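> Give me coordinates for this.
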Amino acid sequence: LLQPWVRRSAASTRSSARHGALGVEVGDKVELWDSSGRRHHGGYVEHIDDLQVTLRTPSGLEAIPLDHATSLKKATKISIIAPGAGVGSVGSIYEELGSWPNLQVEVVGKKGTRYDRYPDCWETGAAPPNLQTFAEDVVKIGIPQSTDCFICGSRGGQVVLPSIWEAMGNNTPPSVVVNGGCAMNLPGP
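All right, here's what the predicted structure looks like:
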């Protein structure tokens, strides 16, 4: 039961598999550096083919030949687990982080949806879809593998992050939990 809000496109998956040696995939935020170590500008990877990487920059599209693509530096990707992370109340802070050239901030999921409820092993929990099945879907589609750091809060730290830990073990990216709960004595499997 994959949630439709976070499914990656097949084109993106094929592109990243074919050009995995570059270390970037379609949608990544990158910075372009010259050989002397000066930053030229940044943008988002729009397309990758056998000849070039196309970036979407503030001034338009720019084609970077593959032999110069090693001068691309991928931004650190922060994935915010939306349920419980305060996207509404502190969203402006997350937006500010995303404006930094070396950070790419993505929101995973949405609060107030059908899965934004505790699992049935909790006293007030509910059958799927719930936060546990949301976490399972996040793992299935590979969000942890493309994330450098998770930010979770409240129920995201109580249910989603522990479920990711259970599935990924020591391969789970570093995580920051605000307002809550991953160190509590929590119900669950």
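> Just checking the distance from stretch 25-34 to the centre of its chain.
Counting by Cα atoms, centre = their mean, to the nearest Å, stretch 25-34 is centred 15 Å from the centre of its parent chain.
> got the end-to-end distance for that stretch?
Stretch 25-34 has an end-to-end distance of 20 Å (criterion: Cα to Cα, to the nearest Å).
> List of residues touching it?
9, 11-12, 15-16, 19, 24, 39-48, 55, 64, 71-75, 77, 101-104, 146 (Cβ atoms under 8 Å, 6 or more residues apart in numbering). Quick note: C-beta positions are derived from backbone N, CA and C, even for glycine.
> Show me which positions of it end up buried.
25, 26, 27, 28, 29, 30, 31, 32, 33 (16 or more other Cβ atoms under 10 Å).
> And stretch 91-109, by the same measure?
94, 98, 103, 104, 105, 106, 107, 108, 109.
> From the buried residues of stretch 25-34, pick the one nearest residue 159.
Minimum distance to residue 159 across the buried residues of stretch 25-34 is 26.9 Å, recorded for residue 27 (Cβ to Cβ).
> re the thing from before, can you list the buried residues of stretch 91-109 in TSV and add pLDDT and secondary structure?
Supplementary listing: those in TSV, determined by pLDDT from 0 to 100; DSSP: H, G, I helix; E, B strand; the rest coil:
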residue	pLDDT	secondary structure
94	93	helix
98	92	helix
103	94	strand
104	95	strand
105	95	strand
106	94	strand
107	95	strand
108	96	strand
109	95	coil
